[in-house]
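Trainee: With the sequence up front, the predicted model follows.
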Amino acid sequence: MSKNVAVSTQGPLRSAGMPDPPSPYSISSTSSESSAPSTSVPGPSVGGPVEKGSVTDRRRAESLLVAENISKRFGGIAALSEMSLTVDRGEAVGVVGPNGAGKTTLFNCLLGIEIPDTGRIIFDGKRIDNLPVYKRARMGIARTFQRLELFSEMTVREHLLLAQRSARGRVSLLADLINHGSASKAEEELADHLLALLKLEDVADTAVDGLSLGHGRLVELGRALAMSPKLLMLDEPSSGLDYNETKALTKVLEQVREEQGVAVLLVEHDLEMVSEVVSRLYVLDFGRLIAEGMLDDVLSDTGVRQAYLGQVASGEGQR
Ligand SMILES: Nc1ncnc2c1ncn2[C@@H]1O[C@H](COP(=O)(O)OP(=O)(O)OP(=O)(O)O)[C@@H](O)[C@H]1O
Ligand SMILES: [Mg+2]
């Protein structure tokens, strides 16, 4: 087994499923808004053996996002059990696992859509587990959902403009009506920049209900980027896309990361997409972390191949 991957196979899976670069459009964080204390808690000692799912003191201090021991039950279902995860500044991290593994539950707990039963979440050095969704968003966490959540009658450009205002807490329906929704020069410039980056210029003034799903996913991505996030969270962005659309989205994601250096947490079934975007990977099954480590180590690890890819040691999985 590779030295960089921690694996615990608890049963077969059912299917395959940098320093912070300055953002050109940074928004300020909301340190005064958090009622939770900034963290300083005991953890595994530095230099000791690193357990699967544990967060070392160094990672706890330096990471952009730290989630520790997150559990969530829905009635009798343990959707997520003691999941821990970190994302460094500017890093791209993947979470994979079969249907029902708990990926969206983790995603929603990190965003504040679900309240975890246990654990805590630290973002950019501050506890966020008591903060509502919008405050986490203003601190720099942006997301796209597994199912498209766009305003059908709004145009692509309007989505990008509105997202900038909501990131700054400046959404006012009354003011926008009086001003006829007029945007500032800076807001227009960022919208134009994102339209070009995402190759959405041709549909900029089209209402989103007239767009393909592939375009819709790009609009969701653009809306997230319009918030100038430190962390971009994507839940199954390839969902419903064909091969070529997935390839195009992957390429755009790579360009976005190259240009903006934003950290990414990618929840995805499509292992090809995951392999092209992330450098580190967590594998969930039945709500439990079964493996974590550098991408190549996890994907080539015999235990993960046996459990996740269903390749029982028949020679192919042996190293
Ligand atoms: N709101 C809810 N109420 C009840 N059960 C839920 C709820 N949300 C999720 N679950 C259950 O929790 C488990 C984890 O679901 P989750 O949606 O997190 O999985 P997932 O890994 O995102 O799956 P998929 O790949 O299909 O998107 C599943 O058994 C699911 O049925
Ligand atoms: Mg899901």
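Mentor: Sure thing, it's come through. Ligands and ions are numbered 1, 2, ... in the order given.
Trainee: CA only for contacts and neighbour counts going forward, please
Mentor: Noted.
Trainee: So which bits of stretch 103-116 are buried?
Mentor: Applying a neighbour-count criterion of 16 or more other C-alpha atoms under 10 Å, one finds 103-112, 114-116 buried in stretch 103-116.
Trainee: no, scratch that, I was asking about stretch 199-206
Mentor: By neighbour count, with 16+ other C-alpha under 10 Å as the criterion, the buried positions of stretch 199-206 are 200-201, 203-204, 206.
Trainee: what pairs with the most centrally placed residue in the chain across the strands?
Mentor: Geometric centre of the chain, nearest residue: M233, 2.1 Å, by C-alpha atoms, centre = their mean. For M233, the beta-bridge assignment (DSSP bridges) gives partners R143, L265.
Trainee: Verify the stated contact: F123 with A61.
Mentor: No: look at F123 against A61 with C-alpha atoms under 8 Å: they stay out of range, at 10.5 Å.
Trainee: the more surrounded of these two?
Mentor: For F123 and A61, the more surrounded residue by other C-alpha atoms under 10 Å is F123, and the numbers stand at 23 against 16.
Trainee: Of the buried residues of stretch 103-116, which ones also sit close to ligand 1?
Mentor: 103-105 (C-alpha under 6 Å from any ligand atom).
Trainee: Would you mind writing the CA trace of the longest helix seen in the chain as PDB?
Mentor: Of all the segments assigned as helix in the chain under DSSP state H, the longest by residue count is helix 243-260. Extracted in PDB, the C-alpha atoms of helix 243-260 (Å, rounded to 0.1, in the frame of the first residue of the first chain):
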ATOM      1  CA  TYR A 243     -19.300  13.200 -22.500                       C
ATOM      2  CA  ASN A 244     -18.500  16.300 -24.600                       C
ATOM      3  CA  GLU A 245     -20.300  18.700 -22.200                       C
ATOM      4  CA  THR A 246     -18.500  17.100 -19.200                       C
ATOM      5  CA  LYS A 247     -15.100  17.500 -21.100                       C
ATOM      6  CA  ALA A 248     -15.900  21.200 -21.800                       C
ATOM      7  CA  LEU A 249     -16.900  21.800 -18.100                       C
ATOM      8  CA  THR A 250     -13.700  20.100 -16.900                       C
ATOM      9  CA  LYS A 251     -11.600  22.300 -19.200                       C
ATOM     10  CA  VAL A 252     -13.400  25.500 -18.000                       C
ATOM     11  CA  LEU A 253     -12.800  24.400 -14.400                       C
ATOM     12  CA  GLU A 254      -9.100  24.000 -15.100                       C
ATOM     13  CA  GLN A 255      -8.900  27.400 -16.700                       C
ATOM     14  CA  VAL A 256     -10.800  28.900 -13.700                       C
ATOM     15  CA  ARG A 257      -8.300  27.400 -11.300                       C
ATOM     16  CA  GLU A 258      -5.400  28.500 -13.400                       C
ATOM     17  CA  GLU A 259      -6.600  32.000 -13.500                       C
ATOM     18  CA  GLN A 260      -8.100  32.500 -10.100                       C
END
